[in-house]
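Colleague: Kindly return the folded structure for what I paste below:
(one chain, ligands or ions: 1)
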Amino acid sequence: MTDRYQTFFSGDSSQSRSFSPTATTQKNSSLTSRKNVSTYRSTGNFRRKDNFKSPIKNPVRILNEIKTSDTTGKLRIMVLGGLEEVGRNMTLIEYEKEIIIIDMGLQFPDEDMPGIDYIIPNVSYLEDKKDRIKAVFITHGHFDHIGGIPHIMGNIGNPPMFMGKMTAGLVRKRIAEFKKAPVLKIKEITEFDRVKISDKIQVEFLRVNHSIPDCFAIIVNTPIGKVVHTGDFKIDFTPVNDKPADLNRIAQIGAENILLLMADSTDAVHPGYQISESAIGDEMDKLFEKISGRIVIGTFASQLSRIQKIFDLAKKYGRRISLQGRSINDNIEVAHQIGYLKFDPKIIVEDKDLGRLRDDKIIIIGTGAQGENNAFLARVVNNEHRVVHLKLGDTVIFSSSVIPGNERSIQNLMDMVVRQGAKIINYKMMDIHAGGHAKQEDLKLMMRLIRPQYFMPIEANHYMLQAHADLAEQVGIAKENIFVADNGQVVEFKKGSKIIGNKKFEVLGELTQEKIPSDYVMVDGLGVGDVSAIVLRDRRVMSEDGMIVVIVTIDSKTGALIGSPDLISRGFIYMKENRDLIEKTRSKVKFIVKDKNENTPSDDDYIKNKIRNEIGQFLFTATKRRPMVLPVVIKI
Ligand SMILES: [Zn+2]
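Modeller: Numbering: from 1, shown residues only. Next up is the predicted model:
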């Protein structure tokens with residue numbers, strides 16, 4: 001079957017394409033960084049998301065070195081992120097002294113990590129092993145798989161990278177925002193390629209479905225056995241703008257005696273099969289047919305399959321599309337350029353022409369269906385958007401299911417949409433959300449086809465990993481061969497033999513008690529002018545810069561300010577010596593409270609966020625310090 005594959009890295013075959021680090025080098029753009037990103041390590045003050053962690057009998061040791069004598073014939077798997085959360089995915093596969101990396105994602109912070117933009121994997125294990133890192137493979141272009149790249153690649157010796165075309169486009173777009181990031185050596189791959197890392201390690205690819213095109217599972221061949229890492233996947237026989245799931249190829253891989261399957265557990269707690277993306281398209285079609293006013297759609301910028309469907313429907317119903325927000329514009333531009341999103345550019349309407357179109361000729365696509373503070377939808381309902389204002393007859397479609405924890409923000413958002421006269425259609429009323437991840441029956445199908453000796457659930461919180469592990473047992477994988485690991489915990493394979501039931505195993509796998517560093521590395525947008533991510537940071541910063549409490553009393557109906565705002569400073573400035581600054585801050589607060597939305601005058605979350613952001617920015621400009629700003633809104 002080698003004939004089917006193109007080979008990189010191998011110098012001896014005349015047919016092979018050889019990998020040249022310079023040939024596909026991407027240019028570092030001169031675009032300036034939106035924010036001045038800095039990284040620092042967690043001080044351990046944050047609640048970790050591993051509430052569901054099972055008790056480990058022996059506390060795991062933190063070991064940052066491998067004993068060199070130990071590595072012979074050993075395959076070690078270490079997941080740096082993605083075993084205790086959804087996000088920050090990064091896996092290390094180490095055979096003897098060679099390491100390959102799969103994915104380099106970021107994780108969005110919890111609500112109790114104020115001011116943190118995102119969290120990236122901790123790569124301190126790799127710092128003294130740069131020469132061993134042979135390659136990086138990226139499964140697909142979502143931020144929880146590519147977001148860490150600009151921060152990490154420079155620290156690990158900038159090894160060659162392999163990924164699909166769409167992923168490469170998104171990675172190039174992202175890295176252009178980081179002036180300090182190295183020039184990446186990206187090689188685009190397809191399912192027909194094979195990468196020869198060394199005499200011992202070779203890598204192949206399996207195309208899988210998800211909510212973005214060009215997703216690949218990674219198959220790593222080592223002398224001790226094959227490892228299959230699915231990345232994010234679902235099984236979709238009728239995807240939009242992508243090739244259908246190839247069960248034959250999966251079964252073919254399964255026939256090759258797979259040592260270990262590492263599989264996506266994001267939807268492992270949900271029974272049944274995932275709905276096909278085209279079924280969602282049909283639902284949307286029925287919906288569009290009935291709507292006569294403007295259609296406003298809140299979605300994720302990364303939902304490119306969904307966005308393709310919207311473009312198709314726009315064409316069908318003679319509507320034009322207005323794209324709102326940077327991430328949506330960026331993603332659509334990349335996907336259109338490389339031919340993954342197909343539409344006539346004329347269908348896009350510029351902001352200045354939007355007012356000239358009839359309402360039934362308009363679709364507006366933007367972000368913020370999760371109630372995110374600074375996203376498009378929030379700005380629209382708060383009357384802060386330059387172009388779009390809601391009105392009677394508009395229909396707002398929330399095209400993504402609620403991410404747990406966002407319920408309240410979404411409810412607030414929906415309240416405000418309705419107050420402004422628009423109608424709402426959300427995923428509960430009509431399922432316009434198809435998840436991008438395999439559900440229980442799909443997961444079982446994958447395991448039955450791959451038939452691995454060992455199984456390791458990945459890419460979810462602990463309880464979801466456990467649910468996936470239970471499924472693995474149901475399809476007949478031996479319980480002692482299923483490893484539900486924590487971040488950083490080393491899984492090790494070496495030659496040996498054991499018999500479970502009537503099955504003989506030639507390779508011994510073990511979930512060891514060894515643990516490499518995997519604690520949080522936080523990225524904080526310190527950039528001046530970045531109003532979205534200001535001020536509240538971790539306690540370390542708070543202890544340095546202090547805090548300021550802003551108390552405002554407002555009329556619960558009209559939102560009018562009652563009396564003068566009170567300011568209390570702790571560890572920030574001595575108030576008696578800074579009367580001038582205090583007075584200026586006070587009048588700034590007054591101004592912020594007055595500048596309210598007429599339809600929802602007393603929304604305290606909105607006022608609080610505004611005070612936090614704008615006062616934080618104001619004080620930073622004045623003092624170059626970032627006190628924690630604590631807004632208190634009293635309604636009477
Ligand atoms: Zn994904």
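
Colleague: and residue 449, that one's in a helix?
Modeller: Yes - under DSSP: H, G, I helix; E, B strand; the rest coil, residue 449 falls within a helix.

Colleague: Quick check: the residue in the stretch 501-636 of the chain that the ion sits nearest to vs residue 477, distance?
Modeller: Taking C-beta to the ion, the ion has its nearest neighbour within the stretch 501-636 of the chain at residue 523, 19.5 Å off. C-beta: built from backbone N, CA, C; applies to glycine. To residue 477, residue 523 is 37 Å away according to C-beta to C-beta, to the nearest Å.

Colleague: what residues are up against the one residue in the stretch 401-550 of the chain that gets nearest to the ion?
Modeller: When distances are taken as C-beta to the ion, the stretch 401-550 of the chain reaches nearest to the ion at residue 436, 5.8 Å away. Residue 436 sits next to 210-212, 232, 234 when contact means C-beta atoms under 8 Å, 6 or more residues apart in numbering.

Colleague: farthest-separated two in these?
Modeller: Maximum pairwise distance among the contacts of residue 436 (C-beta to C-beta): 11.4 Å, between 212 and 234.

Colleague: Please identify the residues of the stretch 101-250 of the chain in proximity to the ion?
Modeller: Proximity of the stretch 101-250 of the chain to the ion, by C-beta under 5 Å from the ion, involves residues 142, 232.

Colleague: Which parts of the stretch 101-250 of the chain are helices?
Modeller: With DSSP state H, counting those that start in this stretch applied, the stretch 101-250 of the chain shows helices at 143-146, 149-152, 165-175, 247-254, listed in chain order.

Colleague: helices or strands next to the last one in the packing?
Modeller: Put plainly, it is helix 247-254. Using 3 or more C-beta pairs under 8 Å, 6 or more residues apart in numbering; DSSP states H and E, the elements in contact with helix 247-254 are strand 202-208, helix 440-450.

Colleague: swap in the first one?
Modeller: For helix 143-146, the helices and strands in contact under the criterion 3+ C-beta pairs under 8 Å, 6+ apart are helix 165-175.

Colleague: Export the helix it packs on to PDB, keeping only CA atoms.
Modeller: The C-alpha coordinates for helix 165-175 follow below in PDB (Å, rounded to 0.1, in the frame of the first residue of the first chain):
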ATOM      1  CA  LYS A 165      -4.200  23.000   3.400                       C
ATOM      2  CA  MET A 166      -7.000  24.700   5.300                       C
ATOM      3  CA  THR A 167      -5.200  24.300   8.600                       C
ATOM      4  CA  ALA A 168      -2.000  25.700   7.000                       C
ATOM      5  CA  GLY A 169      -4.000  28.800   5.900                       C
ATOM      6  CA  LEU A 170      -5.400  29.400   9.300                       C
ATOM      7  CA  VAL A 171      -2.000  28.900  11.000                       C
ATOM      8  CA  ARG A 172      -0.300  31.400   8.600                       C
ATOM      9  CA  LYS A 173      -3.100  33.900   9.300                       C
ATOM     10  CA  ARG A 174      -2.700  33.500  13.000                       C
ATOM     11  CA  ILE A 175       1.100  33.600  13.100                       C
END
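
Colleague: Which elements pack onto that helix?
Modeller: When contacts are defined as 3+ C-beta pairs under 8 Å, 6+ apart, helix 165-175 packs onto helix 143-146, helix 149-152, strand 186-188, helix 326-337.

Colleague: and the shortest one, how far from the chain's centre?
Modeller: So that's strand 186-188. With C-alpha atoms, centre = their mean, to the nearest Å as the basis, strand 186-188 stands 21 Å off its chain's centre.

Colleague: for the ion, what are the nearby residues on the stretch 351-500 of the chain?
Modeller: Taking C-beta under 5 Å from the ion as the criterion, the ion has no neighbours within the stretch 351-500 of the chain.

Colleague: does the nearest residue to residue 298 once chain neighbours are set aside sit in a helix, a strand or a coil?
Modeller: Using C-beta to C-beta, 6 or more residues apart in numbering and skipping residues adjacent in sequence, the residue nearest residue 298 is residue 369, 3.3 Å away. Classification of residue 369 by three-state DSSP places it in coil.

Colleague: and residue 369, how far is that from the ion?
Modeller: Distance of residue 369 to the ion, given as C-beta to the ion, to the nearest Å: 17 Å.

Colleague: so what's that residue scoring on pLDDT?
Modeller: With respect to pLDDT, residue 369 scores 77.

Colleague: how many other residues sit next to it?
Modeller: Residue 369: 28 surrounding residues under other C-beta atoms under 10 Å.

Colleague: ditto for residue 624
Modeller: Neighbourhood size, residue 624 [other C-beta under 10 Å]: 9.

Colleague: circling back to that earlier point, which residues touch the residue nearest to residue 298?
Modeller: Contacts for residue 369 (C-beta under 8 Å, 6+ apart) come out as 298-300, 377, 398-400, 410.

Colleague: same thing but 7 Å
Modeller: Residues in contact with residue 369 (C-beta atoms under 7 Å, 6 or more residues apart in numbering) are 298-299, 377, 398-400.

Colleague: burial of residue 312, as a residue count?
Modeller: Close neighbours of residue 312, defined as other C-beta under 10 Å, add up to 17.

Colleague: So it: helix, strand or coil?
Modeller: Secondary structure, three-state DSSP: residue 312 is helix.

Colleague: so how far is the ion from it?
Modeller: For residue 312 relative to the ion (C-beta to the ion), the value is 22 Å.

Colleague: next one: residue 135
Modeller: Residue 135 sits 21 Å away from the ion, taking C-beta to the ion as the criterion.

Colleague: Hmm, that residue is touching residue 197, no?
Modeller: Yes - contact criterion C-beta atoms under 7 Å: residue 135 and residue 197 qualify, at 5.8 Å.

Colleague: contacting residues for residue 281?
Modeller: Contacts of residue 281 (C-beta under 7 Å, 6+ apart): 240, 309.

Colleague: In whichever helix or strand it is part of, which residues have enough neighbours to count as buried?
Modeller: Here residue 281 sits within helix 277-290, counting by DSSP states H and E. Neighbour counts using 16 or more other C-beta atoms under 10 Å place 277-278, 280-281, 283-284, 287-288 of helix 277-290 among the buried residues.

Colleague: Could you name the helices and strands sitting against whichever helix or strand comes after that helix?
Modeller: Sequence order places strand 295-298 as the next helix or strand after helix 277-290, per DSSP H and E. Counting contacts by 3 or more C-beta pairs under 7 Å, 6 or more residues apart in numbering; DSSP states H and E, strand 295-298 packs against strand 362-366, strand 395-398.

Colleague: what are the pairing partners of the longest one, and which direction each?
Modeller: It stands for strand 362-366. strand 295-298 (parallel), strand 320-323 (parallel) (DSSP bridges).

Colleague: Using CSV, lay out the ones you listed together with mean pLDDT and mean neighbour count.
Modeller: Shown next, in CSV, are those (pLDDT from 0 to 100; neighbours: other C-beta atoms under 10 Å):
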stretch, mean pLDDT, mean neighbour count
strand 295-298, 92, 26
strand 320-323, 96, 20
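
Colleague: out of the ones you listed, which comes closest to the ion?
Modeller: strand 295-298 (18.9 Å).

Colleague: quick one: the closest one to chain centroid distance?
Modeller: Between the centre of strand 295-298 and the centre of its chain there are 22 Å (C-alpha atoms, centre = their mean).

Colleague: neighbouring contacts of that strand?
Modeller: Contacts for strand 295-298 (C-beta under 7 Å, 6+ apart): 288, 310, 363-369, 377, 394-399.

Colleague: nearest to residue 164, of those?
Modeller: Of all the contacts of strand 295-298, residue 310 has the smallest distance to residue 164: 22.7 Å, by C-beta to C-beta.

Colleague: Please give me every residue in contact with that closest one.
Modeller: 297, 363, 365.

Colleague: Low-confidence bits of the stretch 351-500 of the chain, can you list those?
Modeller: 400-405, 427-434 (pLDDT under 70).

Colleague: Redo the strands paired with strand 362-366 as JSON lines? Include distance to the ion.
Modeller: Formatted as JSON lines, the strands paired with strand 362-366 follow (distance: least, C-beta to the ion, whole Å):
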{"stretch": "strand 295-298", "distance to the ion": "19"}
{"stretch": "strand 320-323", "distance to the ion": "21"}
